[in-house]
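# Fold the following, please.
(one chain, ligands or ions: 1)
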Amino acid sequence: MVANVTLPSDDSLETINTVLAERQKFLGFYRSITNDLRDQVESYIEHNGDPTLVQPLNLRNYTDTDVIAAKRKKTLINLYSPKPTKIPFLILEKMRNEHGLLFCPSCGEDGAPGTLDHYLPKTEFPELSVCLVNLTPMCSKCQGKKSDDYLTVDNEKAFLHPYYDQIDDCLFHINIRPPFNNPSCFSIELKDSVTGDFRGLVESHIEGIDFINRIEGYCESKHLHLLKLMAEEREDEEPLSAEQLIRRYLRQEKKKALNAWGAIYYQSVLDSPDLLVHLNDGQLPEYL
Ligand SMILES: [Zn+2]
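Predicted structure coming up:
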């Protein structure tokens, strides 16, 4: 990642209050946990969802046995799968489908993300299963890769938070090694300008979603596509230079996000003088 996205338009605490008011079963449990659950949501907002500052509620404090605590954990998790007639259903649908994003804010890959991720996993924080600021748009590939390990082995925050972590720059550079018609290697690296604790957080985040392997695969097809575009451009009566052409594509990609995969790729090409020389004057493959 990647990209900061705007907070949900619906209020998290108000939504929790409405969800709690809808409950018809396990009223004793909900009565006993309501205040702490509201406090938990407020604490989450105050601490920007930082898991080093927000601890899961212990459901044994609101139940008589371990067995009942396990059952109420499922009850809380099930709040995330409401019937269409219940209040959070439409809110969750809106958050999944009306975010207006053209890329996944977790990884930067193209495409409108169709799922919501529990930033702090609902298996560990079942009380936050319908806390809206804990639900962030995510692509299904990230969703499949992201584990429930919300802390690193050093007990640091493991993932960037799309609502709260500011990303103001492109974080990555791709080294594209010759031969340029069939590059031997695309290696993705974090820029030197990414430093300190933030660098550790980004490293942990991208490892958790298998970012490197995924973007390398993308680079291969993107690169072949660029060679093809360059070959076509040379046929034009007034061909643009590689720099002109790529700046134009880069501008489009950056409109999505600074760390959209296309933006990372095209910026990296512009930062590779030898590759630009090849694109302008080198022999392009004939199979294009
Ligand atoms: Zn993703």
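
# per-residue pLDDT, the residue nearest the centre of the chain?
Nearest to the mean C-alpha position of the chain, by C-alpha atoms, centre = their mean, lies residue 106 at 1.1 Å. At residue 106, the model reports a pLDDT of 96.

# Go ahead and confirm it touches residue 161.
No. Counting by C-beta atoms under 8 Å, residue 106 sits too far from residue 161 to count as a contact (10.0 Å). In this view, the C-beta of every residue, glycine as well, is placed from N, C-alpha and C.

# what sits in contact with each of these two?
Taking C-beta atoms under 8 Å, 6 or more residues apart in numbering as the contact rule, residue 106 and residue 161 both touch residue 136.

# list the contacts for the residue nearest to the centre of the chain?
1-2, 113, 117, 136, 138-139, 142, 146, 159-160, 162, 205, 209.

# Kindly report the same for residue 240.
Contacts here follow C-beta under 8 Å, 6+ apart; on that basis residue 240 touches 233, 248.

# hmm, try it at 6 Å
residue 233 (C-beta atoms under 6 Å, 6 or more residues apart in numbering).

# which residues are contacting stretch 19-34?
Under the contact criterion C-beta under 6 Å, 6+ apart, stretch 19-34 has outside partners 62, 72, 75, 79, 86, 88, 130.

# can you give me the helices in the stretch 151-288 of the chain?
With DSSP state H, counting those that start in this stretch, the ranges of helices along the stretch 151-288 of the chain come out as 196-208, 211-234, 242-256, 261-270, 273-281.

# Out of those helices, the one nearest the ion is which?
For the ion, the closest of those is helix 211-234, at 8.3 Å, according to C-beta to the ion.

# Report the angle between that closest one and helix 261-270.
Counting by axes from the mean of the first three to the mean of the last three C-alpha atoms, to 10 degrees, helix 211-234 points 60 degrees away from the direction of helix 261-270.

# counting contacts, what elements does helix 211-234 pack onto?
On a contact count with 3 or more C-beta pairs under 6 Å, 6 or more residues apart in numbering; DSSP states H and E, helix 211-234 meets strand 185-190, helix 261-270.

# one more time with 7 Å
On a contact count with 3 or more C-beta pairs under 7 Å, 6 or more residues apart in numbering; DSSP states H and E, helix 211-234 meets strand 185-190, helix 242-256, helix 261-270.

# Dump these to CSV, plus distance to residue 66 and mean neighbour count.
Compiled in CSV, the helices and strands packed on helix 211-234 are given as follows (distance: least, C-beta to C-beta, whole Å; neighbours: other C-beta atoms under 10 Å):
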stretch, distance to residue 66, mean neighbour count
strand 185-190, 44, 15
helix 242-256, 48, 16
helix 261-270, 46, 22
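
# could those go into a markdown table alongside mean pLDDT and distance to the ion?
Output for these, formatted as a markdown table (pLDDT from 0 to 100; distance: least, C-beta to the ion, whole Å):
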| stretch | mean pLDDT | distance to the ion |
| --- | --- | --- |
| strand 185-190 | 94 | 15 |
| helix 242-256 | 96 | 13 |
| helix 261-270 | 97 | 10 |
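
# Could you dump the ones you listed into JSON lines with distance to residue 95 added?
Formatted as JSON lines, those follow (distance: least, C-beta to C-beta, whole Å):
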{"stretch": "strand 185-190", "distance to residue 95": "30"}
{"stretch": "helix 242-256", "distance to residue 95": "19"}
{"stretch": "helix 261-270", "distance to residue 95": "23"}
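
# returning to that earlier point: can you tell me which of the contacts of stretch 19-34 end up in strands?
Residues of the contacts of stretch 19-34 located in strands (DSSP state E): none.

# Spell out which two among those are the most distant pair, please.
Taking C-beta to C-beta as the measure, those span a maximum distance of 22.0 Å, between 62 and 86.

# which one of these two has more residues nearby?
For the pair residue 62 and residue 86, the greater number of neighbours falls to residue 62 (20 against 15), based on other C-beta atoms under 10 Å.

# Does the spatially closest residue to residue 10 that is not a sequence neighbour lie in a helix or a strand, and which?
Spatial nearest neighbour of residue 10, chain neighbours left out: residue 91 (5.1 Å); criterion: C-beta to C-beta, 6 or more residues apart in numbering. Taking DSSP states H and E as the criterion, residue 91 maps to helix 87-97.
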